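>>> build the 3D model from these lines:
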Amino acid sequence: MASSKLHPDSAILIIGAGVFGLSTALWLARGGYKNVTVVDMQDTAASGYNPDTVDSASADINKIIRFSYGAEIDYQRLAMQAAAEWEDWNNQFAATTDASGLPADLRPDGAGLGERKLWRNCGMLRMSDGYQLSEVELRTLENMEKEGIREFQFRTDDPIDIDRAEKRQWGHKMDPCHRQERFGVHKAVLDSTAGFVVAYKSCSWAKYLAEKAGVKFILDPLRGKVIDISRSGDAVHEETPLVKTADGGGWTPSLLPEVSQLLETTAGSVVTIRVPQERQDLWERYSASNFPVITWRMDEGNGIYSFPRDEEGIVKIGYRKTKWTNYDDVNGLRISVPKTAHVTEKKETRIPITALEGIKGKLTHSWPEYIMTNLPDLAEFGLHSTKLCWYTDSIDNSFLVDYVPGRPGVAVCSGGSGHGFKFLPILGREVVKILEGQGESTPYGKLWGWRGADMTKGRNGLEEGEDGPRVLAKHRMASPQDWKI
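Residues are numbered from 1 along each chain as shown. As a prediction, the model looks like this:
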């Protein structure tokens, strides 16, 4: 079906209730589309997107909200627009106290709900490990200067920025790891506009908004599980939708083999540390009021990040230096597929020992490791958990939002590449424009359109295939015996 045939009464089926699916459904409903259904094989509603029971990159305890994109100014601008929507969501969420209409996990008296905020403006410290800022960081500052937001960025080596940070009460977050004192150098930029969102609550809120706008949800292990999308455009569901938007985190390539040259299922490595509340010194130190989100050497090829503790004392640390793959047979193809804790037949909660060592601080590499270098006061607690976070990488880290060539009525909306969550409140606005055929008139329609693998700006490792070094089967997986720091 050509996009010109899309009309308010079109039966639209969205596969996957993650960030892409939720945001697209919400904006379709806001745009007057009356027959929008979201299906998912996991009952995210009953669980409140609980990351302990739901396998999805979107179902997480927290996600970074940042605006630093180097030379990619279109993403920077969209992130700034999303920030305004996050602030609006915060206000709406705090004001919605009528428990009768809210999911149980979002009600004011909900267990563990704590402060009624979806996003926390705790700042983000972009730390370098060397004696100078990276070229990407310098380009980011240049673009922020052009956009008029440089004043909210504080360089740790600039006396004017340091003074401005102190006056705006951000000084205590300029060097929370005491790197200047301990190592004699601290090169970083504190972004006072950034922070994090409580991811699972944000998804639950987006679903609540979508349902209020008229979106229907089918969340069921049988009725919500799509195992095939017909090439002929025939129904994959009894309601015979005219448009099917394929999403679902790491499952997209298995539903649409055509995207395997552009998308790949990969996994980042995540660990958590639990800070006991009786340790009030550390409980206060790692609170969002006192500790920012930190990214470390993200521009230098290593890519580690951490969050302040949550309400349960959990400090999450993620490793992005290597994004792992897991190959299996899918419809006659060998492609990377998820291997998760709950949903997949072959389950996995461990992470490769290489990632674990890089996070916790066993000195087996030529570069320093994260916890012992930056958070040594957490070492005594050891690790609380490990997890593989599966998502869909695109070949060039840009999203893929377009109609699938040769499949009438089928569009793909995926390829979050580990940076899509921040756009949850606003992503669907741009997706709907593309579905309606306005993509050529927007920067995002051009940026996210269908593209040949040989036309992209970078291959992002997809060309390695099963022979590459990132395949999980080639690595020793860490067990709880390895968790001691």
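>>> what helices and strands are in contact with the strand or helix carrying T386?
If you go by DSSP states H and E, T386 is part of strand 385-394. When contacts are defined as 3 or more C-beta pairs under 8 Å, 6 or more residues apart in numbering; DSSP states H and E, strand 385-394 packs onto strand 263-274, strand 314-324. (Glycine included, C-beta is placed from N, CA and C.)
>>> just say which of those strands is most tucked in.
Stretch with highest mean neighbour count among the helices and strands packed on strand 385-394: strand 263-274 (a mean of 24; mean count of other C-beta atoms under 10 Å).
>>> how about the strands in the stretch 151-300 of the chain?
Per DSSP state E, counting those that start in this stretch, the stretch 151-300 of the chain carries strands over the ranges 153-155, 188-191, 195-197, 216-219, 243-246, 263-274, 293-296.
>>> which among the ones you listed is found nearest to P376?
strand 263-274 (11.9 Å; C-beta to C-beta).
>>> and the angle from the closest one to strand 314-324?
Strand 263-274 runs at 150 degrees relative to strand 314-324, counting by axes from the mean of the first three to the mean of the last three C-alpha atoms, to 10 degrees.
>>> can you tell me what sits against stretch 277-290?
120, 122, 172-173, 176, 195-196, 275-276, 291, 308-309, 313, 315, 377-378 (C-beta atoms under 8 Å, 6 or more residues apart in numbering).
>>> buried ones in that stretch?
Buried residues in stretch 277-290, counted by 16 or more other C-beta atoms under 10 Å: 282, 285-288.
>>> low-confidence ranges in the stretch 101-250 of the chain?
109-115, 227-250 (pLDDT under 70).
>>> where do the helices of it begin and end?
135-146, 159-167, 179-183, 199-212 (DSSP state H, counting those that start in this stretch).
>>> buried sites along the longest one?
Using 16+ other C-beta under 10 Å as the test for burial, helix 199-212 gives 199-211.
>>> one more: stretch 474-485?
So stretch 474-485, judged by 16+ other C-beta under 10 Å, has buried residues 475, 477-478, 482-483, 485.
>>> for stretch 175-190, same thing?
Within stretch 175-190, judged by 16+ other C-beta under 10 Å, the buried ones are 175-177, 179, 186-190.
>>> residues touching the residue nearest to L133 when sequence neighbours are not counted, list them.
Once flanking residues are discounted, L133 sits nearest to K187: 5.6 Å by C-beta to C-beta, 6 or more residues apart in numbering. Applying C-beta under 8 Å, 6+ apart to K187 gives the contacts 127-128, 130-133, 156-157.
>>> name the nearest residue to V275, sequence neighbours excluded.
Here the residue nearest V275, using C-beta to C-beta, 6+ apart, is G313, at 4.3 Å.
>>> circling back to that earlier point, top of the contacts of stretch 277-290 by neighbour count?
With neighbours taken as other C-beta atoms under 10 Å, the top of the contacts of stretch 277-290 is F196, carrying 26 neighbours.
>>> the stretch 351-485 of the chain: helices as residue ranges?
Using DSSP H, counting those that start in this stretch, helices in the stretch 351-485 of the chain cover 353-360, 370-374, 427-435, 443-447.
>>> for D158, grab the count of nearby residues.
D158: 13 surrounding residues under other C-beta under 10 Å.
>>> can you report phi and psi for it?
phi -120, psi 110 (degrees, to the nearest 10).
>>> who's in contact with L209?
So L209 contacts L26 (C-beta under 8 Å, 6+ apart).
>>> any idea how far it lies from G420?
Distance, L209 to G420, by C-beta to C-beta, to the nearest Å: 18 Å.
>>> which residue sits closest to the residue nearest to the spatial centre of the chain in space, ignoring its chain neighbours?
Residue closest to the average C-alpha location in the chain (C-alpha atoms, centre = their mean): F421, at 4.1 Å. Spatially, and ignoring its direct neighbours in sequence, F421 is nearest to K63 (4.0 Å; C-beta to C-beta, 6+ apart).
>>> about what we covered before: which of the buried residues of stretch 175-190 lies closest to G437?
Out of the buried residues of stretch 175-190, the member with the shortest distance to G437 (by C-beta to C-beta) is V189, at 40.1 Å.
>>> how about the closest one, what does it touch?
68, 125-126, 133, 137, 140-141, 153-156.
>>> circling back to that earlier point, from Y75, how far off is the residue nearest to the centre of the chain?
13 Å.
>>> for the stretch 351-485 of the chain, which segments count as strands?
If DSSP E, counting those that start in this stretch is used as the criterion, the strands of the stretch 351-485 of the chain fall at 385-394, 400-403, 410-414.
>>> nearest to G445, of those strands?
Here strand 400-403 is closest among those (C-beta to C-beta), at 7.8 Å.
>>> pairing partners for the closest one, with directions?
As defined by DSSP bridges, the strand partners of strand 400-403 come to strand 410-414 (antiparallel).
>>> export stretch 90-100 to PDB, keeping only CA atoms.
Extracted as PDB, the C-alpha positions of stretch 90-100 are listed here (Å, rounded to 0.1, in the frame of the first residue of the first chain):
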ATOM      1  CA  ASN A  90       6.800  15.300  34.200                       C
ATOM      2  CA  ASN A  91       4.300  18.000  34.900                       C
ATOM      3  CA  GLN A  92       1.400  15.900  33.600                       C
ATOM      4  CA  PHE A  93       2.500  12.800  35.600                       C
ATOM      5  CA  ALA A  94       2.900  14.700  38.800                       C
ATOM      6  CA  ALA A  95      -0.600  16.300  38.300                       C
ATOM      7  CA  THR A  96      -2.300  12.900  37.600                       C
ATOM      8  CA  THR A  97      -3.300  11.800  41.000                       C
ATOM      9  CA  ASP A  98      -6.600  10.100  40.200                       C
ATOM     10  CA  ALA A  99      -5.600   6.500  40.800                       C
ATOM     11  CA  SER A 100      -8.700   5.100  39.000                       C
END
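>>> contacts for that stretch, please.
With C-beta under 8 Å, 6+ apart, stretch 90-100 has contacts from 102, 106-109, 116-119, 205.
>>> quick one: buried residues of it?
Quick answer for stretch 90-100 (16+ other C-beta under 10 Å): 90, 93, 96.
>>> if we can go back for a sec, for the contacts of K187, which one is nearest F20?
The shortest gap between F20 and any of these belongs to M127, at 30.1 Å (C-beta to C-beta).
>>> appreciated, that's everything.
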